[in-house]
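[1] quick one, structure for this:
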Amino acid sequence: ILINLQDVMKFVCRLLMVARQRDKNVHIDLDGWVAHPLTLKPLQTNGYDCGIWVLATIIAVLRG
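    Numbering: from 1, shown residues only. Predicted coordinates for the structure are as follows:
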């Protein structure tokens with residue numbers, strides 16, 4: 001799971017870089033951010049819609 005969390009944090013950093021390239025007023029300090037798993041067992045009952053929810057959440061966070 002640690003590898004997955006590291007990948008998620010790298011992805012968040014990349015998204016932040018893209019947001020900063022598009023809008024110079026994006027100021028988010030990632031120092032001190034720590035990723036923790038919310039659960040160790042899957043809660044999703046299917047294998048196809050979780051990624052869409054994650055992407056929608058990321059877009060919402062980046063838009064503020």
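
[2] mind listing the helices for the protein?
    The residue ranges that make up the helices of the chain, judged by DSSP state H, are 2-22, 50-63.

[3] which of the residues in the shortest one are buried?
    Spelled out, that is helix 50-63. L62 (16 or more other Cβ atoms under 10 Å). From N, CA and C alone the C-beta is placed, and that goes for glycine too.

[4] relative to helix 2-22, how tilted is that helix?
    Relative orientation of helix 50-63 versus helix 2-22 (axes from the mean of the first three to the mean of the last three Cα atoms, to 10 degrees): 40 degrees.

[5] give the rounded mean pLDDT of helix 50-63.
    Mean pLDDT, computed over helix 50-63, is 81.

[6] W33 against M9, yeah?
    Yes - counting by Cβ atoms under 8 Å, M9 is a contact partner of W33 at 7.0 Å.

[7] so those two - more neighbours on which side?
    M9 (14 against 10; other Cβ atoms under 10 Å).

[8] how much space between that one and V34?
    9 Å (Cβ to Cβ, to the nearest Å).

[9] who's in contact with the spatially most central residue of the chain?
    In the chain, the residue lying closest to the centroid (Cα atoms, centre = their mean) is V12, at 4.5 Å. If you count contacts by Cβ atoms under 8 Å, 6 or more residues apart in numbering, V12 has them with 30, 33, 58.

[10] quick check, nearest of those to L43?
    I58 (18.8 Å; Cβ to Cβ).
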